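[1] here is a sequence together with a model predicted from it:
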Amino acid sequence: MLILGLNMFHADASAAILVDGEVKFAIAEERLNRRKHFGGFPALAVRASLDAVGAKITDVDHVAVGQDSDANLIKKVQYALSNPAKILNFIKLRQRKEAMRDVRSLLAEALDIDREQLKFQEHHLEHHIAHVASAYYCSPWEKAAGFSYDGSGDFVSTMMARCEGNDIEVLDRVFLPHSLGSFYTMICEFIGYTKYGDEGKVMGLAPYGKDAYCDEIAKIITPKNDGFQLDLGYFKPLGSNQGMQVLDDGTVKLARHSSARMEKLFGEPRKPHAEIAQRDMDLAFAMQHRFEEIFFHLLNGLHARIPQAELAMAGGCALNSVANGKIFDRTPFRQTYIQPAAGDEGLAIGAALHTYHSVLKQSRRHELKNSYLGPEFSESRIQSALQAAGLHARKLERGALLEETAEQIACGNVVGWFQGRMEWGPRALGNRSIVAHPGLPNMKDVLNARIKHREWFRPFAPSILADYQHEYFERDHPSPFMLHVYKIRPEKRKALCAVNHVDDTGRLQTVTREENPLYYDLISAFHRKTGIPVILNTSFNENEPIVCTPEEAIDCFQRTRMDVLAIGPFFVTKADGNGEMVAASSQPERGHA
Ligand SMILES: [Fe+2]
């Protein structure tokens, strides 16, 4: 049985394909059309999904969409009627959504096929049920508490659910305009981070702040029963899309969220690219602090209703890895399964899995143990790409590739590591990664100056052999998808200085041999040379979506000052006549701070 899952006309459009209930392939459209967070129709992702399993759209039995414009309709109408100025907007939005519901026509057009030939059954699933489904059905559990939270989706910002067997029973929803995601976005925007998806950056800024505004910021969002409410006086009226607009060309745009009251209390909003003042850091600190307080209030309320140790979680806010790392200290939950694509691209697999298990009552379960669901490329394709780029490459056996790559990392060079299937979700987890030494004091500056050009306050992440996690980190719950931040043990902070954030934490990826043998063996080879079972891992890109194809990886290698490229079995160094090569010195390069 073939089920195609879709997230469409929403940020991070994506497609996924299930064969007999198993997710065989999944990809966000941005990786293919190279437009970050693209929110149109995922035509390329659909084609790639079908190609990956050798199917045609006419073979597909079910198409499931992680969006249902009819869900929570009464709430939407009530909201529109409460403010006559919103009614016209509401009607326009409904008309647009109706056009988008015609999945059959959209697929027929995208795949250039007669609509009448499409025999699949169509399913629309409420946004947050799809989020919960994306986590629960991929988890190993038969019973769990389900939780989803984000800015908004189908007029809801938060969902609590009981997950048992094949079923997801919704216990509670928090409706718009009340939204923990919007609270976070509003303050990010106030301190100058105005693009969709900037929230993750500001999370890295928060520990530079101090407790100056926590009491003030706490007034913006307060607990209410098992949920919470916003004080809307701090917000501009955002409409039922909560200030997020997808333009006709698929660009995702944010409207201004903050009202004049924010300005009155905290002064002028920071302009993007202006210097970051202490006030901005203190606001980031207070925002993250309050976010966590409300998050743990919600989780503790959920646990009281579902006293399980297991928590299955998704939604854009579930990418807040700092909050995730504190779940075990602040709630009774003892195990988390957080969907690697916790953001809206994950809706594609959530909707598809929900159709399989809940609608079609199929019980066979496939735990999603790794995130390598994207495309891979043959050796001959990689070789052709290298030749076309005029690069001199050596082909190495597996053992030699690992040894030489580990040696390059150990001596301070920056390596592009392109192997196997691309990751699903926003994190590079060892298949489309740039890897480097985690213990060189200047490595963060080197990476930023040469390749990444990121804000000075954003930390780089460590990948650690799972067997050594307890020696290096204060928490031992695994973090296979780089979605937990834990404290680094004091005695290990020096060894991990390039990935140790200002608050002595790291957003770690725990790596097991079972999940990714090649990457595990690379870290092991580095461990043998240096005594450190950790490498620095950042996504393979330069201000663009993570590279997908060999050509994109090679282009990134050539246009940046990366030293080495290990692509499939091929090993390319700039020292071999492929351009400039500059070993990282132990002295910091020109810093960004
Ligand atoms: Fe969402």
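    Nice, thanks for sending it over. Everything quoted here is computed from the prediction, not taken from an experiment.

[2] mean confidence for stretch 431-442?
    Model confidence over stretch 431-442, given as mean pLDDT, is 97.

[3] start to end distance for that stretch?
    Length of stretch 431-442, first residue to last, C-alpha to C-alpha, to the nearest Å: 25 Å.

[4] and if you look at stretch 244-259?
    Stretch 244-259 end-to-end distance (C-alpha to C-alpha) = 16 Å.

[5] use 810 as the first number for this chain going forward.
    Okay, residue one is now 810; in that scheme the one you just asked about reads as stretch 1053-1068.

[6] is any part of that stretch close to the ion?
    No. Residues of stretch 1053-1068 are not located near the ion by C-beta under 5 Å from the ion, the shortest gap being 10.1 Å. In short, each C-beta sits where N, CA and C put it, glycine included.

[7] quick one: pLDDT of M1390?
    52.

[8] correction: the previous question concerned G1386.
    Confidence score, pLDDT, at G1386: 74.

[9] surely it and H1201 touch.
    Yes. Using C-beta atoms under 8 Å, G1386 is in contact with H1201, at 5.6 Å.

[10] what's the end-to-end length of stretch 984-1002?
    From start residue to end residue, stretch 984-1002 stretches across 25 Å - C-alpha to C-alpha.

[11] that one: how far from the chain's middle?
    Chain-centre distance of stretch 984-1002: 18 Å, with C-alpha atoms, centre = their mean, to the nearest Å.

[12] now that stretch: mean pLDDT?
    On average, stretch 984-1002 scores 96.

[13] for Y993, what are its contacts?
    Neighbouring residues of Y993 by C-beta atoms under 8 Å, 6 or more residues apart in numbering: E1008, V1011, M1096, F1100, C1126.

[14] how does it look with 6 Å?
    E1008, F1100 (C-beta atoms under 6 Å, 6 or more residues apart in numbering).

[15] now do the SS call for S943.
    Look at S943: counting by DSSP: H, G, I helix; E, B strand; the rest coil, its state is helix.

[16] please apply the same query to the one 4 residues further on.
    Taking three-state DSSP as the rule, one finds C947 in the coil state.

[17] any idea how far the closest residue to it other than its chain neighbours lies from A1157?
    Nearest non-adjacent residue to C947, counting by C-beta to C-beta, 6 or more residues apart in numbering: L1177, 3.6 Å away. Using C-beta to C-beta, to the nearest Å, L1177 is found at 13 Å from A1157.

[18] looking at those two, which is more packed in?
    A1157 (36 against 23; other C-beta atoms under 10 Å).

[19] mind pulling up the pLDDT for that one?
    pLDDT at A1157 comes out at 98.

[20] one more: R1174?
    On pLDDT, R1174 comes in at 79.

[21] that one - that's part of a helix, no?
    No. Counting by three-state DSSP, R1174 is not found in a helix; it is coil.

[22] can you give me the strands for the stretch 1160-1309 of the chain?
    1203-1204, 1224-1227, 1241-1245, 1270-1274, 1293-1296 (DSSP state E, counting those that start in this stretch).

[23] distance check, the closest residue to F984 other than its chain neighbours against T1369.
    Leaving aside its sequence neighbours, F984 sits nearest to K884 (C-beta to C-beta, 6+ apart; 5.1 Å). Separation of K884 from T1369 (C-beta to C-beta): 48 Å.

[24] what residues does the stretch 960-1109 of the chain put near the ion?
    G962.

[25] again, 8 Å this time
    G960, S961, G962 (C-beta under 8 Å from the ion).

[26] now, among the residues you listed, which is nearest to the ion?
    G962 (4.2 Å; C-beta to the ion).

[27] residue contacts, the closest residue to that closest one other than its chain neighbours?
    Excluding the flanking residues, the one nearest G962 by C-beta to C-beta, 6+ apart is H936, at 2.9 Å. Applying C-beta under 6 Å, 6+ apart to H936 gives the contacts Q876, G962, D963.

[28] got the contact list for the last one?
    What that stands for is D963. Contacts of D963 (C-beta under 6 Å, 6+ apart): D877, A880, N881, E935, H936.

[29] buried subset of the residues you listed as a PyMOL selection?
    In PyMOL, a selection of the buried entries from the contacts of D963 looks like this (16 or more other C-beta atoms under 10 Å):
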select buried, resi 877+880+881+935+936
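
[30] closest one of the contacts of D963 to the ion?
    Nearest to the ion among these, with distances taken as C-beta to the ion, is H936, at 5.7 Å.

[31] report pLDDT for that closest one.
    For H936, the pLDDT comes out at 97.

[32] ok, now the one 5 residues further on?
    The predicted structure scores V941 at 98 on the pLDDT scale.

[33] is the nearest residue to it once chain neighbours are set aside in a bridge, and if so with what?
    Take V941 and drop its neighbours on the chain: the residue closest to it by C-beta to C-beta, 6+ apart is G955, 3.9 Å away. Counting by DSSP bridges, G955 forms beta bridges with A970, A1121.

[34] show me the contacts for G955.
    So G955 contacts V941, Y945, A970, C972, I977, A1121 (C-beta under 6 Å, 6+ apart).

[35] change it to 8 Å
    V941, A944, Y945, M968, M969, A970, R971, C972, I977, A1121, M1122.

[36] just V1011 next, same as before
    So V1011 contacts Y993, I996, C997, I1000, Y1002, A1093, M1096, Q1097 (C-beta under 8 Å, 6+ apart).

[37] G1155 too?
    N816, S823, A939, H940, S943, A1123, Q1148, P1149, G1234.

[38] stretch 1334-1343: end-to-end distance?
    Start-to-end, stretch 1334-1343 (C-alpha to C-alpha) is 10 Å.

[39] before we move on, back to that, from the contacts of G1155, which ones fall inside helices?
    A939, H940, S943 (DSSP state H).

[40] what is the neighbour count of L1238?
    L1238, neighbours per other C-beta under 10 Å, totals 26.

[41] hmm, I was thinking of T867
    T867 has 13 nearby residues by other C-beta under 10 Å.

[42] again with R1207
    Neighbour tally, R1207, other C-beta under 10 Å: 11.

[43] contacting residues around it?
    Residues in contact with R1207 (C-beta under 8 Å, 6+ apart) are L1327, P1378.

[44] and S1272, by the same measure?
    So S1272 contacts 1238-1239, 1242, 1244, 1317-1318, 1320, 1328, 1332, 1343-1346 (C-beta under 8 Å, 6+ apart).

[45] of these - the most surrounded one?
    I1344 (32 neighbours).

[46] identify the bridge partners of the residue lying closest to that residue once chain neighbours are set aside.
    Among residues not flanking I1344 along the chain, V1244 sits closest, at 5.0 Å (C-beta to C-beta, 6+ apart). On the basis of DSSP bridges, V1244 is bridged to V1224, N1346.

[47] V1244 contacts W1226, correct?
    Yes. Under the criterion of C-beta under 8 Å, V1244 makes contact with W1226 at 5.0 Å.

[48] quick one on the thing from earlier: now the residue nearest to V941: how far from the ion?
    With distances taken as C-beta to the ion, to the nearest Å, G955 is found 14 Å from the ion.

[49] same deal with L1047?
    16 Å.

[50] distance check, that residue against I1103.
    Going from L1047 to I1103 by C-beta to C-beta gives 18 Å.

[51] what do you get for P1184?
    Distance from P1184 to I1103, by C-beta to C-beta: 39 Å.

[52] who has more neighbours out of the two?
    Taking other C-beta under 10 Å, P1184 and I1103 do not tie; I1103 has more neighbours (20 against 17).

[53] contacts only, for the residue of the stretch 1110-1259 of the chain found nearest the ion.
    When scored by C-beta to the ion, the stretch 1110-1259 of the chain has D1153 as its residue closest to the ion, at 4.5 Å. By C-beta under 8 Å, 6+ apart, the residues touching D1153 are N816, H819, A820, D821, S823, G875, D959, G962, G1125.

[54] at 7 Å what do you get?
    For D1153, the contact set (C-beta atoms under 7 Å, 6 or more residues apart in numbering) comprises N816, H819, A820, D821, G1125.

[55] assign a three-state SS to the closest residue to the ion within the chain, would you?
    For the chain, the residue closest to the ion is D959, as judged by C-beta to the ion, at 3.8 Å. Classification of D959 by three-state DSSP places it in strand.
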